[in-house]
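**Q** I would like the atomic coordinates for the input below:
(chains A, B, C and D)
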Protein chains: 2
Amino acid sequence: MKLGEGVEAAIHCAATLASVAGNSTMPGAALAESFGLSPSYLLKHLNMLSAALILESVPGPAGGYRLARPAERITLLDIVLAVEGREPAFRCGEIRQRGPVKLDASAYVKPCGINTAMLKAERAYRAALAETKLSDIVATYAAEGDPRSLAASCAFVERHQRPQKSS
Amino acid sequence: MKLGEGVEAAIHCAATLASVAGNSTMPGAALAESFGLSPSYLLKHLNMLSAALILESVPGPAGGYRLARPAERITLLDIVLAVEGREPAFRCGEIRQRGPVKLDASAYVKPCGINTAMLKAERAYRAALAETKLSDIVATYAAEGDPRSLAASCAFVERHQRPQKSS
DNA sequence: TTATCGTGGATAATTTTTGTCTGCAATGGG
DNA sequence: CCCATTGCAGACAAAAATTATCCACGATAA
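**A** Predicted coordinates for the structure are as follows:
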């Protein structure tokens, strides 16, 4: 079991975008620089967040990304599912049917108990992720993060955010 | 997020081994045949289960695998960790430190809040897995599984299990 | 002695992940 | 109108993980 590195990048980017003012945007290149990531690849992940309606994108110069809704209504689950896909981690291959004994398909109408148990655990995982809002992440960072790191982040956002003309 | 196919195989094998009588064993080749898996590859997973002290192996003709302890004391978590490894799915790459602004290491002594939140969700996942015992899987199968499938499984076990001489 | 079995390592095929590059459409500013 | 900047899509390539095969080896029961 392994999560792609894009998840970490996506959450950090979303947290950063949560502190841009109003409807201003921040270019993907700036976000990449902010975390030392390769811009071309990060754009793929930002794109998935856009497709999932977690971010909005504005083209053109002075364009970039911003949150599509308030950070209070974005959960870690939203982000993880957008980047990693919605399929469960455990995919039942129905190997119980692959044996040498061929039974009628009607013998397998009930779902595999192993699959049921694994999916139940995954529901617990997702429920825990859904409990954490992006605003919680930001608030914790503001409250408990190191002041130097906090100041640097604010300065970076201040320097790269771009106000939009019309709302 | 994705679990390897070995997890499904390992759980099915463990469940099968749970119904071999006493200290009898079952060869890995029989388990592979039972689920239509490649024998050479399945052996790797069975080997990991042995290394994790979930299975015991007996060499020689009449050898094979058996549970190392009663199915009541084997959880799905035991099996998943043995096959997939014990590292968490989310690995914090500390990308918060990779930006252009270089801060002193003392600014990052507190763990990343994102990492904390992700690991909390993973604890929920593992807790749910730890709640399901292998005996539960077997019991559910016996109680709710299709009688034809059940009979076929029992016959297969009966045919391939091998009694051991000394306990 | 022999055939069967698990173990471990080497190796390769396949798939996934990660990363790069290019051309394109949108848009704001001169 | 022209140009620079930005997001978007797709082709492509590199790297890593997963899946799979094979063989030599030690153990062991018949």
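**Q** please tell me how far the residue of chain A most remote from its centre sits from chain B.
**A** Using CA atoms, centre = their mean, the residue of chain A lying farthest from its centre is A:V101. It sits 43.8 Å away. Distance, A:V101 to chain B, using CB to the nearest CB, to the nearest Å: 5 Å. From N, CA and C alone the C-beta is placed, and that goes for glycine too.
**Q** dump the biggest helix by length in chain A to CSV, restricted to CA.
**A** With secondary structure taken from DSSP state H, chain A has its longest helix at helix A:113-131. Coordinates of the C-alpha atoms in helix A:113-131 are reproduced here as CSV (Å, rounded to 0.1, in the frame of the first residue of the first chain):
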residue,chain,number,x,y,z
GLY,A,113,-16.3,-11.8,2.5
ILE,A,114,-12.6,-10.8,2.2
ASN,A,115,-13.5,-8.0,-0.1
THR,A,116,-16.3,-6.9,2.3
ALA,A,117,-13.9,-6.7,5.2
MET,A,118,-11.2,-4.9,3.3
LEU,A,119,-13.7,-2.3,2.0
LYS,A,120,-15.0,-1.8,5.5
ALA,A,121,-11.5,-0.8,6.6
GLU,A,122,-11.2,1.5,3.7
ARG,A,123,-14.4,3.2,4.6
ALA,A,124,-12.9,3.9,8.0
TYR,A,125,-9.8,5.3,6.4
ARG,A,126,-11.9,7.6,4.2
ALA,A,127,-14.1,8.6,7.0
ALA,A,128,-11.1,9.8,9.0
LEU,A,129,-9.8,11.7,6.0
ALA,A,130,-13.2,13.3,5.5
GLU,A,131,-13.1,14.6,9.1
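**Q** what about that helix, near chain B?
**A** Yes. Interface with chain B: helix A:113-131 contributes A:113-114, A:117-118, A:120-129 (CB under 8 Å from any CB of the partner chain).
**Q** repeat that for stretch A:147-167.
**A** Yes. Stretch A:147-167 reaches chain B (CB under 8 Å from any CB) through A:148-149, A:152, A:155-156.
**Q** nearest residue to A:C13 in space, please, no chain neighbours.
**A** Closest residue to A:C13 apart from its sequence neighbours, by CB to CB, 6 or more residues apart in numbering or on different chains: A:L31 at 4.8 Å.
**Q** now the element after the host helix or strand of the one you found, going C-ward?
**A** Using DSSP states H and E, A:L31 sits within helix A:28-35. Next along the chain after helix A:28-35, taking DSSP H and E as the criterion, comes helix A:39-51.
**Q** return the list of helices and strands in contact with that following helix.
**A** Helix A:39-51 is packed against helix A:5-17, helix A:28-35, strand A:55-58, strand A:64-67, helix A:76-84, with contacts defined by 3 or more CB pairs under 8 Å, 6 or more residues apart in numbering or on different chains; DSSP states H and E.
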